[in-house]
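Undergrad: pasting the sequence and the predicted coordinates here, then a few questions.
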Amino acid sequence: MNGSPGAGDVEGAVASAFREEWGQVVATLIRVTGDWDLAEECAQDAFAQALDRWRRDGVPRRPGAWLTTTARHRALDVLRREAVGAEKLREVAVLARHEGPYDPEHEDGGGVVDDRLRLIFTCCHPALPIEARVALTLRTLAGLTTSEIARAFLVPEATMAQRLVRAKRKIRNAGIPYRVPPAHLLPERTTGVLGVVYLLFNEGYAATSGADLVRASLCAEAVRLARVLALLMPDEPEVLGLLALLLLHDSRRATRVDAAGELVTLEDQDRTAWDRAAIDEGAALLETALRRGRPGPYQIQAAIAACHTTAATAGETDWADIAALYGELARLVPSAVVRLNRAVAVGMAEGPAAGLALVAELERTGELDGYHLLAATRADLLRRTGRTAEAAEAYARALELVENEAERRFLERRLAECRSG
């Protein structure tokens, strides 16, 4: 243990441990208990205990091991109290055999020895609907709240809560195994697994709510899992495309906010501070993936990211190429969010009026009602045309919808500029 820290230090340490260790703690408990709800409950209890115990005893040298052991002991106590039949007694016996500190170097599992990876593949079983696969993994692996996941999917919180309950029930009733599937079954899980990793990175790169725009631990976890998947499926171009996409985006992560935590737009970011090693690796992976001759959504998005990261200045960005790539992406993924991104690119390539026409189409369909970036995009395009009064109205609408504090402050600055100019 470290020396006794102050209350603020302990709260910071627990918050950091939650971001970095939640997924591992829950994944380990699910493996050894087979009970998803119990795993989450005992993990939450362990983090609550940490606030008190670490203040008294100091922050442990290995917070994750402390949390896993504490949560496991709590689960063992619960199962012992409920051990009224032979099946429950067997659960207690299984859990008791795993009472030592978690040590990944001594795990079994035939190749991929990581409970978090087992968790992803369990959540992404083809028996579950694709939305449930992604949502369940974000909840159990990343520790996102139901409301955060609901916002990421643009659905009501109650709808997402029911989706999570049904997914857990399906896993339990169908006896879906907690393991990485054999090689011949990997392809059928690929879409769901890649979707999980992609949304995990997105939540870290642009948090849906909270004070910070970027949650670095989620970005790092997504990149780590994408690397493992690339080792598992080296001949799958979309796996390589996803890893390329994450690396290219992550290369800019440190420049997305300034020293004060304020959002910095892409055109104003310090390109000399971008991670060139990540850019080079991402570009090489993308080239390898495209040579397979099976382009897919993640490869196209990586190509868009490469257009940005390889431009020496914002003015040299090939927006026409980006708009064309978004057009191809919209053909493969008929998503309103993709069409909104295409509107931005068209606005940059052909002028704000062309972008506004595409935004107007999205507004007519109502598909993105309640999505703050639709209003923010319209506001920016209006600002670029000099229609500052209309832009101010659109920025005000975006401010009614935004959840992230860094984005809120950025929109407030833009609104003030329009009103003053």
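TA: It's in. Here the structure is a predicted model, which means the values were calculated and not measured. Numbers count the residues shown, from 1 in each chain.
Undergrad: make it CA atoms for all contacts and neighbour counts henceforth
TA: Fine.
Undergrad: quick one: the helix ranked longest in the chain to chain centroid distance?
TA: Longest helix in the chain, counting residues (DSSP state H): helix 7-33. For helix 7-33, the gap between its own C-alpha mean and the chain's C-alpha mean amounts to 17 Å (C-alpha atoms, centre = their mean, to the nearest Å).
Undergrad: packing partners for it?
TA: Other elements packing on helix 7-33 under the criterion 3 or more C-alpha pairs under 8 Å, 6 or more residues apart in numbering; DSSP states H and E are helix 36-57, helix 63-82, helix 86-96, helix 115-123, helix 130-142, helix 216-232.
Undergrad: repeat the analysis, applying 7 Å as the threshold.
TA: helix 36-57, helix 63-82, helix 86-96, helix 115-123, helix 130-142 (3 or more C-alpha pairs under 7 Å, 6 or more residues apart in numbering; DSSP states H and E).
Undergrad: dump the C-alpha coordinates for the second one into PDB.
TA: If I follow you right, that is helix 63-82. The C-alpha trace of helix 63-82 is given here as PDB (Å, rounded to 0.1, in the frame of the first residue of the first chain):
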ATOM      1  CA  PRO A  63      -5.600  -1.600  -7.700                       C
ATOM      2  CA  GLY A  64      -7.000  -4.000 -10.200                       C
ATOM      3  CA  ALA A  65      -5.900  -7.100  -8.200                       C
ATOM      4  CA  TRP A  66      -7.300  -5.600  -5.000                       C
ATOM      5  CA  LEU A  67     -10.600  -4.800  -6.600                       C
ATOM      6  CA  THR A  68     -10.900  -8.200  -8.200                       C
ATOM      7  CA  THR A  69     -10.100 -10.100  -5.000                       C
ATOM      8  CA  THR A  70     -12.500  -7.900  -3.000                       C
ATOM      9  CA  ALA A  71     -15.300  -8.400  -5.500                       C
ATOM     10  CA  ARG A  72     -14.700 -12.100  -5.700                       C
ATOM     11  CA  HIS A  73     -14.900 -12.400  -1.900                       C
ATOM     12  CA  ARG A  74     -18.200 -10.500  -1.900                       C
ATOM     13  CA  ALA A  75     -19.600 -12.800  -4.600                       C
ATOM     14  CA  LEU A  76     -18.500 -15.800  -2.600                       C
ATOM     15  CA  ASP A  77     -20.300 -14.500   0.500                       C
ATOM     16  CA  VAL A  78     -23.500 -13.900  -1.600                       C
ATOM     17  CA  LEU A  79     -23.400 -17.400  -3.100                       C
ATOM     18  CA  ARG A  80     -22.900 -19.000   0.300                       C
ATOM     19  CA  ARG A  81     -25.900 -17.300   1.700                       C
ATOM     20  CA  GLU A  82     -28.000 -18.400  -1.300                       C
END
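Undergrad: average pLDDT across it?
TA: Across helix 63-82, the average pLDDT comes to 88.
Undergrad: same question for the longest one.
TA: For helix 36-57, the mean per-residue pLDDT is 90.
Undergrad: output the contacting helices and strands for that helix.
TA: Helix 36-57 packs on helix 7-33, helix 63-82, going by 3+ C-alpha pairs under 7 Å, 6+ apart.
Undergrad: and the helices in the stretch 301-421 of the chain?
TA: All helices of the stretch 301-421 of the chain, identified by DSSP state H, counting those that start in this stretch, fall at 319-332, 336-350, 352-365, 372-385, 388-401, 405-420.
Undergrad: could you list the buried residues of the fourth one?
TA: The neighbour-count criterion (16 or more other C-alpha atoms under 10 Å) identifies 372-384 as the buried residues of helix 372-385.
Undergrad: make CSV out of these and add pLDDT and distance to residue 60.
TA: Shown next, in CSV, are the buried residues of helix 372-385 (pLDDT from 0 to 100; distance: C-alpha to C-alpha, whole Å):
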residue, pLDDT, distance to residue 60
372, 94, 41
373, 95, 42
374, 96, 45
375, 96, 46
376, 96, 44
377, 97, 46
378, 97, 49
379, 97, 49
380, 96, 48
381, 97, 51
382, 97, 53
383, 96, 52
384, 95, 53
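Undergrad: and which of those residues is nearest residue 229?
TA: Within these, proximity to residue 229 (C-alpha to C-alpha) peaks at residue 373, which comes in at 31.2 Å.
Undergrad: next, count neighbours for the nearest residue to that closest one once chain neighbours are set aside.
TA: Nearest residue to residue 373 in three dimensions, chain neighbours excluded: residue 398, at 6.9 Å (C-alpha to C-alpha, 6 or more residues apart in numbering). The number of residues packed near residue 398 is 26, by other C-alpha atoms under 10 Å.
Undergrad: residue 372 is in contact with residue 398, correct?
TA: Yes. Between residue 398 and residue 372 there is a contact under C-alpha atoms under 7 Å: 4.7 Å.
Undergrad: so residue 119 makes contact with residue 29?
TA: No. Assessed by C-alpha under 7 Å, residue 119 is found out of contact with residue 29, at 10.6 Å.
Undergrad: quick check: which ranges of this structure have low pLDDT?
TA: By pLDDT under 70, the low-scoring segments of the chain are 1-8, 83-114, 152, 206-215.
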